[in-house]
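# Model the structure of this input:
(one chain, ligands or ions: 1)
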Amino acid sequence: MGEIISFKAVSWRRNGQEILSNIHWSMEQDEHWAILGLNGSGKTSLLNIVTGYQFPTAGEVAVLGNVFGKTNLPELRREIGFVSSSLDRFSNSLNHETVEDIVISGKFASIGLYEEVSVEDVEKAESLLTSLRLDYLKGKHFRLLSQGEKRRVLIARALMSNPKLLILDEPCTGLDVLSREEVLFLMKEIVKNNCHLIYVTHHIEELVEEITHALLLRDGRIIAAGPKREVLTDDILSETFKTPVSVRWEENRPWLAVKKESILRF
Ligand SMILES: Nc1ncnc2c1ncn2[C@@H]1O[C@H](COP(=O)(O)OP(=O)(O)OP(=O)(O)O)[C@@H](O)[C@H]1O
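All right, here's what the predicted structure looks like:
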């Protein structure tokens, strides 16, 4: 298989407004991407196109070798995992389930059918819980977990079906520094399993070593897309975030500082 994702001249319009404009983007094998941009810049719209929930108004999209318009979307979605930070109705419905049952249910999640749980499924869930360092939560009900633990269990669940592409939508929002690092630690395990990562965030400091590339969106347009060291520059980030910022690298991880003049503007 060649490209993981290919967008050619993709636009998406709604109610006369161009929400994504002329997006050219390709994600290749062994690349892991972050998507950055202010609120309303088009990140969710872009993801909805990747997962086939929205169809572009113009342009061509291919995901995991499937050209949209000529592919079976439910089958494609089975190869894509998605974890969002919002504790929505779905995660509330898990409240009374145990951690191991939630992870096992990931196998059937995208199919939406109940199938019998095999010995292999149980073993796979066990090994995921061990490799993601979640063993200590076994037997606990979801509602009793901290926010950080809930996010990590949902990531384990998403990995149960061996997705080729895993989309994490702001997985660290609302977490304290320790819980955030615990979630970020999982990136190592995710990329080991031939799983490609799309990581959506507002915080560049979450771009850990495993994330190789970044796509920066502003008002529905790509400001830059490429290897993270090339695109996470002071100028490009200031343009993306509409405010003067500077970036500092520590052990291959970027940190953002807001420049004084930007604070004075408000
Ligand atoms: N279905 C829709 N109909 C009309 N406008 C929409 C629709 N979906 C998104 N928009 C608009 O498109 C723009 C981009 O929204 P989108 O949710 O993709 O941004 P985002 O970068 O994900 O924002 P956030 O960081 O706040 O989640 C916004 O102005 C939003 O109001």
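
# which strands and helices sit next to the helix or strand where residue 127 lies?
Applying DSSP states H and E as the criterion places residue 127 in helix 119-131. If contacts are counted by 3 or more Cβ pairs under 8 Å, 6 or more residues apart in numbering; DSSP states H and E, helix 119-131 sits against helix 99-105, helix 147-159. (C-beta placed from N, C-alpha, C; glycine too.)

# is it possible to export those to TSV including mean neighbour count, distance to residue 60 and mean pLDDT?
TSV is the format used below for these (neighbours: other Cβ atoms under 10 Å; distance: least, Cβ to Cβ, whole Å; pLDDT from 0 to 100):
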stretch	mean neighbour count	distance to residue 60	mean pLDDT
helix 99-105	22	35	90
helix 147-159	23	27	93
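
# got JSON lines for those helices, with distance to residue 233 too?
Formatted as JSON lines, the helices and strands packed on helix 119-131 follow (distance: least, Cβ to Cβ, whole Å):
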{"stretch": "helix 99-105", "distance to residue 233": "40"}
{"stretch": "helix 147-159", "distance to residue 233": "30"}
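
# Of all the ones you listed, which one is nearest the ligand?
Closest to the ligand of those is helix 147-159 (Cβ to the nearest ligand atom; 16.9 Å).

# Put the alpha carbons of that closest one into PDB.
The C-alpha trace of helix 147-159 is given here as PDB (Å, rounded to 0.1, in the frame of the first residue of the first chain):
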ATOM      1  CA  GLN A 147     -10.300  11.500  33.300                       C
ATOM      2  CA  GLY A 148      -6.800  10.500  32.200                       C
ATOM      3  CA  GLU A 149      -7.500   6.800  32.900                       C
ATOM      4  CA  LYS A 150     -10.700   7.000  30.900                       C
ATOM      5  CA  ARG A 151      -8.800   8.400  27.900                       C
ATOM      6  CA  ARG A 152      -6.200   5.700  28.100                       C
ATOM      7  CA  VAL A 153      -8.800   2.900  28.400                       C
ATOM      8  CA  LEU A 154     -10.600   4.300  25.300                       C
ATOM      9  CA  ILE A 155      -7.300   4.400  23.400                       C
ATOM     10  CA  ALA A 156      -6.700   0.700  24.400                       C
ATOM     11  CA  ARG A 157     -10.200  -0.100  23.200                       C
ATOM     12  CA  ALA A 158      -9.600   1.600  19.900                       C
ATOM     13  CA  LEU A 159      -6.400  -0.500  19.400                       C
END
